[in-house]
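> Quick one, what's the 3D model for this:
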Amino acid sequence: MGPAEELVRIAKKLDKMVARKSTEGALDLLKSLTGYTMTIQLLQTTRIGVAVNSVRKHCSDEEVVASAKILIKNWKRLLGDPLWGPAPLQLPPAPAETPATARRKGRSDPSRCHGTPGMSPSAVPAPAPPSPCAPHRANSSKAKPETPRTPTSPTFSPSPCLLAPCYLTGDSVRDKCIEMLTAALRMDDDYKEFGVNCEKMASEIEDHILWGGWGTHTYALGSTDMKYRNRVRSRISNLKDPKNPSLRRNVLCGAIPPGLIARMTAEEMASDELKELRNAMTQEAIREHQMAKTGGTVTDLFQCGKCKKKNCTYNQVQTRSADEPMTTFVLCNECGNRWKVC
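Just a heads-up that it's a prediction; the model follows:
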């Protein structure tokens with residue numbers, strides 16, 4: 001196995017550690033990276049820099065973070081060497097001093113400018129070089145403050161797209177979304193069990209988000225605006241949710257087709273546990289607000305928090321276990337405000 005394949009394997013392991021929020025063994029992987037002779041081509045093709053930078057951002061282990069910082073610093077220096085090298089060649093020192101020295105010599109010794117004809121050629125060619133040299137100095141001085149920025153530009157943000165050519169759309173935003181959807185589908189090794197082409201499935205999901213129907217309406221967004229990005233982001237977060245693995249498995253096995261996952265709402269994509277919690281909260285809210293007004297006991301023991309009056313009606317209901325005290329629901333007869341007292 002070549003170094004590129006080894007680096008890709010290590011990058012995938014680091015990505016999985018970050019996704020699972022468990023960096024056990026990350027330090028050994030980072031130390032193994034110091035033994036590789038890194039090149040710019042390896043950094044761009046294997047995306048090892050992106051994986052190490054992600055570990056640095058999300059890891060809480062100080063030793064792992066320090067090791068990741070050292071690697072990134074060394075790789076940045078590798079990227080910066082070709083750019084810093086030719087910089088000193090842009091400032092030739094000899095022509096820059098020629099005009100000043102010629103003027104000083106002319107002022108101190110007038111005989112050099114008005115002397116014999118044999119001496120005049122030495123004074124006449126002296127001002128000639130500044131004309132091509134002056135703009136060169138100006139350009140080099142303008143380029144000077146920009147030079148430190150160039151080594152930082154090839155950091156790991158402009159990562160190359162790793163999609164197969166047949167799935168590229170020509171739009172960088174769409175290609176990046178397809179790539180992130182592919183990574184979400186490959187969160188675990190479930191896709192190997194179903195034998196699914198994750199890139200193809202991610203491309204179909206993205207296409208349905210952009211051009212397919214949404215909810216009960218059928219229309220096309222046709223642009224990668226904020227709505228498009230929010231929908232893609234919602235799918236990615238739900239597919240990568242470790243508490244909702246059934247959604248990803250249903251998509252991979254075909255129970256939820258790409259067109260359906262593209263138009264599902266956040267409530268529909270939620271896990272069964274979250275759906276049950278939402279349903280329980282809804283039922284409790286309905287029970288509180290649908291309590292009959294008649295049959296209660298009128299009292300002035302409670303004061304309404306809104307109108308500050310004491311004309312209230314209350315009911316006591318056993319909402320918890322039998323050994324727990326009853327819950328008192330109070331209704332203000334003046335303004336209709338409701339509240340409960342446990």
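
> what ranges do the helices span in the stretch 101-250 of the chain?
For the stretch 101-250 of the chain, the helices defined by DSSP state H, counting those that start in this stretch occupy 111-114, 120-123, 130-143, 149-152, 172-185, 190-194, 198-211, 226-239, 245-253.

> mean pLDDT lowest for which of those helices?
In terms of average pLDDT, helix 149-152 trails the rest of the helices of the stretch 101-250 of the chain, at a mean of 39.

> Show me the shaky parts of this protein.
1, 79-161, 213-222, 288-295 (pLDDT under 70).

> run the last query once more with 80
Residue ranges of the chain with pLDDT under 80: 1-3, 20-24, 44, 60, 76-165, 167, 189-190, 212-223, 285-295, 342.

> longest single helix anywhere in it?
Longest among the helix segments of the chain by residue count, using DSSP state H, is helix 62-84.

> can you give me the offset of that helix from its chain's centre?
From the chain centre to the centre of helix 62-84 is a distance of 20 Å (CA atoms, centre = their mean, to the nearest Å).

> Run through the neighbouring helices and strands of it.
On a contact count with 3 or more CB pairs under 8 Å, 6 or more residues apart in numbering; DSSP states H and E, helix 62-84 meets helix 26-33, helix 40-46, helix 48-58, helix 149-152. Glycine gets a C-beta too; all of them are placed from N, C-alpha and C.

> for those, which one ends up most surrounded?
Highest mean neighbour count among the helices and strands packed on helix 62-84 (mean count of other CB atoms under 10 Å): helix 48-58, with a mean of 20.

> wait, doesn't Leu30 sit right on Ala68?
Yes: in this structure Leu30 lies within contact range of Ala68 using CB atoms under 8 Å: 5.9 Å.

> mind giving me the domain split of this structure?
Domain ranges of the chain: 3-84, 88-151, 165-273, 291-341, per automatic domain parsing.

> What is the end-to-end distance of the third one?
Yep, that's domain 165-273 we're talking about. 40 Å (CA to CA, to the nearest Å).

> same thing with stretch 175-195?
Start and end residues of stretch 175-195 are separated by 23 Å (CA to CA).

> Contacts for that stretch next, please.
With contacts defined as CB atoms under 8 Å, 6 or more residues apart in numbering, stretch 175-195 is touched by 15, 19, 161-163, 167-169, 196, 198-199, 201-203, 205-206, 224, 229, 232, 235-236, 239-240, 245, 248-249, 251-253.

> With distance to Met281 added, can I get the domains of the chain in CSV?
CSV is the format used below for the domains of the chain (distance: least, CB to CB, whole Å):
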stretch, distance to Met281
domain 3-84, 27
domain 88-151, 52
domain 165-273, 13
domain 291-341, 13
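
> Could you point out which of those domains sits nearest Ala285?
When these are ranked by proximity to Ala285, the top entry is domain 291-341, at 11.0 Å, counting by CB to CB.
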